[in-house]
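K.L.:
test case, fold it:
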Amino acid sequence: MDLNRLWVFGTVVLIAATALLGWVLGISPKLSEASLADADRVVVEAENAAFELKVAALKKKFASIGELNGELAALRLAVPDAAEIPAFLTQLDSIAQQHQVTLTDISVNDAQAYVPLVVAPPAPAAEAVPAEDAASPTPTPTQTAAPTAAEVAAALAPVPNELITASNFVSVPVSLTVSGSYGNVLDFIDGLQKGTRLVMVTTFATSMVESPSVAAAAATSKTAVDTPVGSDQVTTTISALIYVLLDPDTTAG
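P.N.:
Residues are numbered from 1 along each chain as shown. Model (predicted):
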């Protein structure tokens, strides 16, 4: 009887040891591998979802590639990679004919390197010191302070673009002289700034042109008047800048 019990006990111990050894050597590693594989699957699925969003965004952008190419072509005409003065002169002639003015003189000066814009930090606003009133200790409702001049100036200040530097962006000063009626000259200046080529008018000066008969009448007249008499024809000198965005491959070569 004691021997049978020993055999039963030994058999139970052997079975338990076999099960434990099988768990340690076989089942547990497989479960760990399955857990790691499941974690990797979750990571890969998250990455795939992110890539799908990127692909969808790229497809959406590619759908409007034609419109973007059109905008790029217009920008290249506005700011070309070379001075292209002949094309600019053709544009000037077209604008002059459109607004019925005569282009009498054109001069083009040497290109100037772009000076990056430096935006000064806004000055700190002075804190208002509340006045103490012993007679009326009751607090008054707080009111929203109006923006200061410094805050408004900071909000309206231009933001420089880091991609535009002195090495790839230049301005070309040009000077124009046109003659015509005062209204037509103003229309010419407006059309100049709205043309295909980007033009910034910096200054312009206008002088009246009197016909000989009007000048003689003014010389013999004894009555002084404050307003000019006669023709509205004027001669205007315009100073402006056109811009060139240099091709980095060309400048590097």
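
K.L.:
all helices of the protein, in order?
P.N.:
Along the chain, the segments classed as helices by DSSP state H run 2-22, 28-63, 65-78, 85-98, 149-156, 182-193, 212-220, 248-252.

K.L.:
out of these, the one nearest A240 is which?
P.N.:
Nearest to A240 among the helices of the chain is helix 182-193; the distance by C-beta to C-beta comes to 7.1 Å. For every residue, glycine as well, the C-beta is placed using N, CA and C.

K.L.:
what's the angle between the closest one and helix 85-98?
P.N.:
Per axes from the mean of the first three to the mean of the last three C-alpha atoms, to 10 degrees, the angle that helix 182-193 makes with helix 85-98 is 150 degrees.

K.L.:
and helix 182-193, what's buried?
P.N.:
Counting neighbours by 16 or more other C-beta atoms under 10 Å, one finds that the buried residues in helix 182-193 are N184, V185, L186, D187, F188, I189, G191, L192.

K.L.:
thinking again about what came up before, got JSON lines for the helices of the chain, with mean pLDDT and distance to S175 too?
P.N.:
Formatted as JSON lines, the helices of the chain follow (pLDDT from 0 to 100; distance: least, C-beta to C-beta, whole Å):
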{"stretch": "helix 2-22", "mean pLDDT": "71", "distance to S175": "95"}
{"stretch": "helix 28-63", "mean pLDDT": "84", "distance to S175": "43"}
{"stretch": "helix 65-78", "mean pLDDT": "88", "distance to S175": "21"}
{"stretch": "helix 85-98", "mean pLDDT": "94", "distance to S175": "12"}
{"stretch": "helix 149-156", "mean pLDDT": "64", "distance to S175": "30"}
{"stretch": "helix 182-193", "mean pLDDT": "94", "distance to S175": "13"}
{"stretch": "helix 212-220", "mean pLDDT": "49", "distance to S175": "27"}
{"stretch": "helix 248-252", "mean pLDDT": "60", "distance to S175": "27"}
